[in-house]
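Undergrad: 3D model of this:
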Amino acid sequence: MRLALGRLQKAGLANEDERRPGFWTLPLNVYPMLYAELLARAPQAGLQQALAHADAYDAAGIARQAHGRFPTLAAAIARVRLDALCGAGPVDIAQLLDRLPPGLHDIPALLDSAIADCIAEPLFDRLHPAMQSDLLAGALDRLGATLQTGIGLDAGFVRERARRLVDDAATPHAHGLRWSFAFDRLLADGAERRGPDWAASFGALLAPAIAVPAEGDLLDAMRASHGMAAAPRPATAAPPSEAGRHALAQAIVAAALATPGRWSDAEPEFDAALTVLRKLTGKRRGLVPPSVALPNVLALLAQHDGVLERRMGTADGATEVQVIRFGSRTGYESFLVDPARLALRERLGAAAPTTRVLEMRDYA
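TA: Next comes the predicted model:
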């Protein structure tokens, strides 16, 4: 057996754990395919027993009515991964998290290690819909910030599956996904998708996430079952109050109106939404994410014969390069001093970018 494992290691198909001799892992490039094959061949209960034997704990002691704990975080991650990829829902995963070794634990990071770090298309459909929603919401958030999903699913797959889940009203714990999908659509939907009803479609998309008290996403479900161990979602999460969610949805619809250049329709809606958010939060800056702010800037740009031709960004999302073309210098100069532009930057606050302008010209 060891000789066979050694040959696999030389071929780049297996790695021995440096801290635990005799324990072997698979490289991430082959892990999803082989894990899917394993799940197709072996029953879940047998795999649970195998993990318990390998990590030296009593599988029965991890059961719902028992009081045992996983001996190590690695053992917990392996079991959470197995159960999640066999369709376990948030309540079942939360029960496993109650069996973590003593100490403070970063639950989002643990879930990333267990699920996000090894997910791929062959395994995605095995996840519970609530787990799928949380995974896709995180991927869409990263797409908006870094132009990458950050997991082993490409942008097309993430967007198609997100659309499928939000179209199904029965999908549990999908409210967080609805907001992330709306933010993504503002930037990702091309002209071919922006029909007469495009702006109104955002209202329909977000209505279930506004009217219903936020049951939240996967991590909120973990919090309900797991005390303070679960951390909140990042800044893309919707406001906690229904009034705040109404206002954010109004700002998103305004951004959708602004995208095709309907500035006169968008401006009053955007201003009204920011007024409510400012009153509810007590803040004057950073009230909406950049994906909501950008369409309003572009609509104003179009009024001065300017057009955004291309956007490029660094992998960490810290820097973005925009190629903007004006029909004339007059348009460029009038845009810079437009009172509406200056007022918009003030309203956007921290969401307004710190800019450096370089005038360029084409070399014929």
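
Undergrad: helix or strand right after the worst-scoring helix or strand of the chain on mean pLDDT?
TA: Least confident helix or strand of the chain, by mean pLDDT, DSSP states H and E, is helix 218-226 with a mean of 60. For helix 218-226, the following helix or strand on the C-terminal side (DSSP states H and E) is helix 242-258.

Undergrad: so which bits of that next one are buried?
TA: Neighbour counts over helix 242-258 (16 or more other Cβ atoms under 10 Å) mark 244-258 as buried. C-beta here means a position set from N, CA and C on the backbone, and glycine is covered the same way.

Undergrad: closest to Arg194 out of the residues you listed?
TA: Using Cβ to Cβ, Ala256 is the member of the buried residues of helix 242-258 that lies nearest Arg194, at 8.3 Å.

Undergrad: which ones are touching the closest one?
TA: Residues near Ala256 by Cβ atoms under 8 Å, 6 or more residues apart in numbering: Leu186, Trp198, Ala199, Ser201, Phe202, Pro295.

Undergrad: tell me how many other residues surround the first one.
TA: When neighbours are defined as other Cβ atoms under 10 Å, Leu186 has 21 of them.

Undergrad: give me the pLDDT for it.
TA: We have a pLDDT of 91 for Leu186.

Undergrad: need the max-distance pair from the contacts of Ala256.
TA: Ser201 and Pro295 (14.7 Å).

Undergrad: these two: which is more packed in?
TA: Taking neighbours as other Cβ under 10 Å, Ser201 and Pro295 compare with Pro295 leading, 24 against 17.

Undergrad: flag every buried residue along the helix or strand hosting that one.
TA: Assessed by DSSP H and E, Pro295 sits inside helix 290-302. Across helix 290-302, burial judged by 16+ other Cβ under 10 Å covers 290-302.

Undergrad: kindly report the same for stretch 173-192.
TA: 173-187.

Undergrad: and it, how far from the chain's centre?
TA: 10 Å (Cα atoms, centre = their mean, to the nearest Å).

Undergrad: cool, and stretch 120-128?
TA: 17 Å.

Undergrad: same check on stretch 54-74?
TA: The answer for stretch 54-74 is 31 Å, by Cα atoms, centre = their mean.

Undergrad: which residue is nearest the middle of the protein?
TA: Gly138 (1.8 Å; Cα atoms, centre = their mean).

Undergrad: so that one is in which element?
TA: helix 129-146.
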